[in-house]
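In: Could you look at this predicted model? Sequence included:
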Amino acid sequence: MEIRPIKTKKDYQLALARLELIFDAKKNSKEGDELEILSILIEKYEDEHFPIGFPDPIEAIKFRMEQLGYTQTDLAKVVGLKSRASEILNKKRKLTLEMVRLIHSSMNIPTNVLIQSYT
């Protein structure tokens, strides 16, 4: 087991190839330990080189509404008025701090997604 930091694209490709070879290793075995460490190193490299940003707050609300089977009327119950829900979904009204709190607590959308700026 030779574990090294992943610094280059070539190192990354080699790590992925090795991961594929030992993917089914038994836990607590030599290869299982290597698999665990290699996975952490690959994840760190990917987080640094291929970051995934947060979605647009309104798109996140729409997506979560779809997942929950919510309608605009359901969102209106959260934010107060049907017209307000419509304005939010059409990006004609910005989310207030209180709306962020309400949407977060009722729809379980992370606040760090909801507080992003959007146009």
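Out: Nice, I can see it.
In: Kindly list the longest helix within the chain.
Out: Longest helix in the chain, counting residues (DSSP state H): helix 30-49.
In: I'd like the average pLDDT over the helix or strand just after it.
Out: For helix 30-49, the following helix or strand on the C-terminal side (DSSP states H and E) is helix 57-68. On average, the pLDDT along helix 57-68 is 97.
In: who touches the helix or strand that comes right after helix 57-68?
Out: Following helix 57-68 in sequence order, the next helix or strand is helix 72-79 (DSSP H and E). Under the contact criterion CB atoms under 8 Å, 6 or more residues apart in numbering, helix 72-79 has outside partners 61, 65, 68, 82, 84-86, 88-89, 99, 102-103, 106-107. Quick note: C-beta positions are derived from backbone N, CA and C, even for glycine.
In: And the pLDDT at the residue positioned nearest the centre of the chain?
Out: By CA atoms, centre = their mean, the chain has its centre lying nearest to residue 54, at 6.5 Å. pLDDT recorded at residue 54 is 88.
In: what's near enough to touch it?
Out: By CB under 8 Å, 6+ apart, the contact list for residue 54 reads 60, 112, 113, 116.
In: Compile the residues you listed into a markdown table and extend it with columns for neighbour count and secondary structure.
Out: Below are those laid out as a markdown table (neighbours: other CB atoms under 10 Å; DSSP: H, G, I helix; E, B strand; the rest coil):
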| residue | neighbour count | secondary structure |
| --- | --- | --- |
| 60 | 19 | helix |
| 112 | 10 | helix |
| 113 | 18 | helix |
| 116 | 14 | coil |
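In: List just the nearest of the residues you listed to residue 34.
Out: residue 112 (34.0 Å; CB to CB).
In: Can you give me the neighbour number for the closest residue to residue 102 other than its chain neighbours?
Out: The shortest distance from residue 102 to any residue other than its chain neighbours is 5.3 Å, reached at residue 78 (CB to CB, 6 or more residues apart in numbering). Residues lying near residue 78 (other CB atoms under 10 Å) number 18.
In: separation between residue 78 and residue 68?
Out: 11 Å (CB to CB, to the nearest Å).
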